[in-house]
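Visitor: need the 3D shape of this:
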Amino acid sequence: MKSQGAIEFAAVGKTGVEWATTLGVTSAAVSRWLSGGAKPTTNLRQQIHQLGGPHPQLWDQVAGTPTPRKRRKKKAPAKATPAAVVTEADHWLEHLRELRVRLSTAQLDVDKELRLLANVGKIFQTLGKLTGVGLTVSVRQIIDSPNWRLLETKILDALAPWPDALRAVADALDDSRGTP
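Guide: Numbers count the residues shown, from 1 in each chain. Predicted coordinates:
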């Protein structure tokens with residue numbers, strides 16, 4: 001089967017003898033490339049391309065098949081910056097103000113008012129997550145977290161050369177847990 005490279009190679013307009021002389025190969029080799037019976041080496045494909053011939057990859061593509069598309073790299077998701085968090089919090093705060101105005105000026109039935117109030121609750125939760133306001137984390141939650149455990153281990157390992165400091169810090173950490 002002929003490759004797309006062989007078809008485009010034949011369309012360049014040079015004779016087989018001209019190609020053979022220019023590339024330093026036999027006319028028989030060029031004839032096999034033109035007929036699709038063989039393909040030039042990678043180096044010869046590059047030379048042919050530099051001399052106006054087909055792109056080297058076309059020699060591996062069967063005639064009539066679409067050119068493979070390059071894969072696009074996926075963009076990394078945007079990172080949350082403090083400015084982005086503030087912008088998002090401002091957006092939700094404005095949405096909350098609009099709901100408040102609608103509630104105070106509209107004559108609503110009870111069901112509609114309850115739905116609007118539920119939206120207000122969701123907005124408050126979102127604002128709390130974005131800003132940290134209203135979120136409380138207990139000492140127990142911090143002490144039980146895996147990240148704290150790793151940090152605690154690193155602190156105690158770093159204090160190993162100083163036994164007195166190590167004992168004092170270990171005792172303070174145990175006191176914060178409520179263990180004797």
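
Visitor: what residues does stretch 37-57 touch?
Guide: Applying CB atoms under 8 Å, 6 or more residues apart in numbering, the contact partners of stretch 37-57 are 3-6, 8-9, 12, 19, 22-23, 25, 29, 32-33, 59-60, 67-68. Any C-beta I mention is one placed from the backbone N, CA and C, and that applies to glycine too.

Visitor: what residues of the longest helix belonging to the chain count as buried?
Guide: Secondary structure of the chain read by DSSP state H shows that its longest helix is helix 82-105. For helix 82-105, the neighbour count (16 or more other CB atoms under 10 Å) marks Glu88, Ala89, Trp92, Leu96 as buried.

Visitor: quick check, nearest of those to Glu113?
Guide: Nearest to Glu113 among the buried residues of helix 82-105, counting by CB to CB, is Leu96 at 15.3 Å.

Visitor: domain boundaries for the protein, per the record?
Guide: 4-60, 82-131, 139-177 (automatic domain parsing).

Visitor: rounded mean pLDDT for the last one, please.
Guide: On average, the pLDDT along domain 139-177 is 86.

Visitor: ends of it, what's the gap?
Guide: 8 Å (CA to CA, to the nearest Å).

Visitor: find the nearest non-adjacent residue to the residue of the chain most remote from its centre, please.
Guide: For the chain, the residue at maximal distance from the C-alpha centroid (CA atoms, centre = their mean) is Val17, at 51.6 Å. Of all residues not flanking Val17 in the chain, Ser27 sits nearest, at 5.5 Å (CB to CB, 6 or more residues apart in numbering).

Visitor: that neighbour contacts Trp33, doesn't it?
Guide: No. With contacts counted by CB atoms under 8 Å, Ser27 stays clear of Trp33, the gap being 10.7 Å.

Visitor: looking at those two, which is more packed in?
Guide: Applying other CB atoms under 10 Å to Ser27 and Trp33 shows that Trp33 carries more neighbours, namely 26 against 14.

Visitor: so which elements touch the helix or strand containing that one?
Guide: Under the criterion of DSSP states H and E, Trp33 resides in helix 27-35. In terms of contacts (3 or more CB pairs under 8 Å, 6 or more residues apart in numbering; DSSP states H and E), helix 27-35 is packed against helix 4-10, helix 16-23.

Visitor: right, and those helices - which one's nearest Lys154?
Guide: For the helices and strands packed on helix 27-35, proximity to Lys154 was assessed by CB to CB; helix 4-10 is nearest, at 59.4 Å.

Visitor: now do that closest one, average pLDDT.
Guide: Across helix 4-10, pLDDT averages out at 87.

Visitor: quick one: contacts of it?
Guide: Contacts to helix 4-10, defined as CB under 8 Å, 6+ apart, come from residues 33-36, 39, 45, 48, 53-56, 58-65, 67.
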